[in-house]
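K.L.:
Next come a sequence and a model predicted from it.
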Amino acid sequence: MSIGCCFMAGLRRVLRSPALIFWIFATSLLLTLPLTVAMRNAIKQSVGTSLVQQNLRQGLDMDWLGEFLSQGDGIRGTFGPRVVGFLPVLINLDKLLDGRIFSAELGISIAGMLFLLVWAFFGGGILSRYARPEKLYTRSTFFADSGEYFLRFVRLVILSILVYLALYQWVAAPLFRLIDRLTRDTPAEIPEMVYSGLVFLLLAFLLMILSMAMDYAKIAMVVENRRSSILAFLRGLRFVFSNKLKSLGLYLLLILVGVILFGIYGLLAPGPNQANDFTLIVAFIGGQVFLIARLILKLWFLAGQTMLFQSVTGPEAITAMGTPAAASLFLS
């Protein structure tokens, strides 16, 4: 099957399950509620009944914002113009490439880990649904499949975090130290910017390979009933390198969709100076539409990659690990 077929058929499989999109979106919203309430209380306590409240009705008061951020770190430090519109995407990408993705405030880190655990739980049910579209699915079978693969996917999450830290610690960090030594006595900043850009490109490429390998590892766990996270990861790596053009082509095609999506949102997303109820409502609805589109894109990745994996290995490649046939699957 060509990457174009996997690309379009993957989207059709995602859109054929609107209830799945709704429940994952609703669960994600529930995870953010404690942080939302904490931020609301912090802002309410800071504003109170002062005149700042009137100023904020006309737009963002930068004097108040500076005072609010200076009152303490933690969740307060995440508030400001940078969390509005397209900037959060760029900030998270910068943290990912700069090795600071786990340096967030404790409450946000806990919410992030819960989010990963929720996706680890839903992952088995999602991939099982996309891998076996002919099967009759009910809510109970979906949750049964999710529970069956939950611990396997949790081990994969832990493994992916360890590999990410290893890439930054053993590849990116030494290269940045080397750049610092090479450019320490150079007055011009351009060489350092060029070298740093090349390191970021290398790290982005390695993280892309890691992301693809982990996705195909999850798919292999479901399609081939694998249990070992390490062997599944190696299976994912082998699939990526054995099908370089197809796996990379499909991934980049979906990345292009994401870039277009983020670009459209960046152009249309309102700034921090909404001054009336109508603009606030529009900003809220626009943000939710963007989040749903991101969720659909994430599911689109999984559905498209599942179809590519099955088109190469065969849709019936469901084998119990630990048998002689399992060894032939890994080595074939």
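P.N.:
Okay, I see it.
K.L.:
Now residue 246: phi and psi?
P.N.:
Its backbone dihedrals place residue 246 at phi -70, psi -50, with angles given as degrees, to the nearest 10.
K.L.:
what's it in contact with, if anything?
P.N.:
Taking Cβ atoms under 8 Å, 6 or more residues apart in numbering as the definition of contact, the neighbours of residue 246 are 3, 308, 312. For glycine as for every other residue, the C-beta is placed from the backbone atoms N, C-alpha and C.
K.L.:
quick one: which of those is most hemmed in?
P.N.:
Counting by other Cβ atoms under 10 Å, residue 308 has the largest number of neighbours within these, with 27 neighbours.
K.L.:
Quick one: residues contacting that residue.
P.N.:
When contacts are counted by Cβ under 8 Å, 6+ apart, residue 308 is found next to 1, 3, 6, 243, 246-247, 250.
K.L.:
That one: what secondary structure?
P.N.:
The three-state label given to residue 308 by DSSP: H, G, I helix; E, B strand; the rest coil is helix.
K.L.:
any idea of the pLDDT on the residue nearest the centre of the chain?
P.N.:
Centrality entry for the chain: nearest residue to the mean C-alpha point is residue 298, 7.6 Å, by Cα atoms, centre = their mean. Model confidence at residue 298, expressed as pLDDT, equals 95.
K.L.:
which phi and psi does it have?
P.N.:
Main-chain torsions, residue 298, degrees, to the nearest 10: phi -60, psi -40.
K.L.:
For it, which residues are in contact?
P.N.:
Listed by Cβ under 8 Å, 6+ apart, the contact set of residue 298 is empty.
K.L.:
quick one: it from residue 184, how far?
P.N.:
Shown here: residue 298 relative to residue 184, a distance of 42 Å by Cβ to Cβ, to the nearest Å.
K.L.:
about what we covered before: select from the contacts of residue 308 every entry located in helices.
P.N.:
Cross-referencing the contacts of residue 308 with the helices (criterion: DSSP state H) gives 3, 6, 246-247, 250 as the overlap.
K.L.:
So which of those residues is the closest to residue 46?
P.N.:
residue 250 (47.6 Å; Cβ to Cβ).
K.L.:
who's in contact with the residue lying closest to that closest one once chain neighbours are set aside?
P.N.:
In space, not counting the residues next to it along the chain, residue 250 is nearest to residue 3; the distance is 4.4 Å by Cβ to Cβ, 6 or more residues apart in numbering. With contacts defined as Cβ under 8 Å, 6+ apart, residue 3 is in contact with 246, 249-250, 253, 308.
K.L.:
Give me the pLDDT value at residue 3.
P.N.:
Residue 3 is assigned a predicted lDDT (pLDDT) of 92.
K.L.:
separation between it and residue 157?
P.N.:
27 Å.
K.L.:
what do you get for residue 119?
P.N.:
From residue 119 across to residue 157, the span is 8 Å (Cβ to Cβ).
K.L.:
The strand or helix carrying residue 161 packs against which elements?
P.N.:
Under the criterion DSSP states H and E, the helix or strand holding residue 161 is helix 139-167. The helices and strands touching helix 139-167, judged by 3 or more Cβ pairs under 8 Å, 6 or more residues apart in numbering; DSSP states H and E, are helix 106-131, helix 190-223, helix 229-242.
K.L.:
State the mean pLDDT of it.
P.N.:
Per-residue confidence for helix 139-167 averages out to 92 on the pLDDT scale.
K.L.:
Pull out the buried positions in that helix.
P.N.:
142, 145-146, 149-150, 152-157, 159-160, 163-164, 167 (16 or more other Cβ atoms under 10 Å).
K.L.:
Stretch 218-230 too?
P.N.:
Under the neighbour-count criterion of 16+ other Cβ under 10 Å, stretch 218-230 has 218-226, 228-229 buried.
K.L.:
Can I get it as PDB, trimmed to CA atoms?
P.N.:
The C-alpha trace of stretch 218-230 is given here as PDB (Å, rounded to 0.1, in the frame of the first residue of the first chain):
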ATOM      1  CA  LYS A 218       3.200   0.200  20.100                       C
ATOM      2  CA  ILE A 219       1.700  -1.000  16.800                       C
ATOM      3  CA  ALA A 220       3.800  -4.100  17.000                       C
ATOM      4  CA  MET A 221       2.700  -4.800  20.500                       C
ATOM      5  CA  VAL A 222      -1.000  -4.800  19.300                       C
ATOM      6  CA  VAL A 223      -0.700  -6.300  15.900                       C
ATOM      7  CA  GLU A 224       1.900  -8.900  16.800                       C
ATOM      8  CA  ASN A 225       1.000  -9.300  20.500                       C
ATOM      9  CA  ARG A 226       4.500  -8.400  21.700                       C
ATOM     10  CA  ARG A 227       5.100  -8.000  25.500                       C
ATOM     11  CA  SER A 228       8.700  -6.900  25.800                       C
ATOM     12  CA  SER A 229       9.100  -3.200  25.500                       C
ATOM     13  CA  ILE A 230      12.800  -3.500  24.500                       C
END
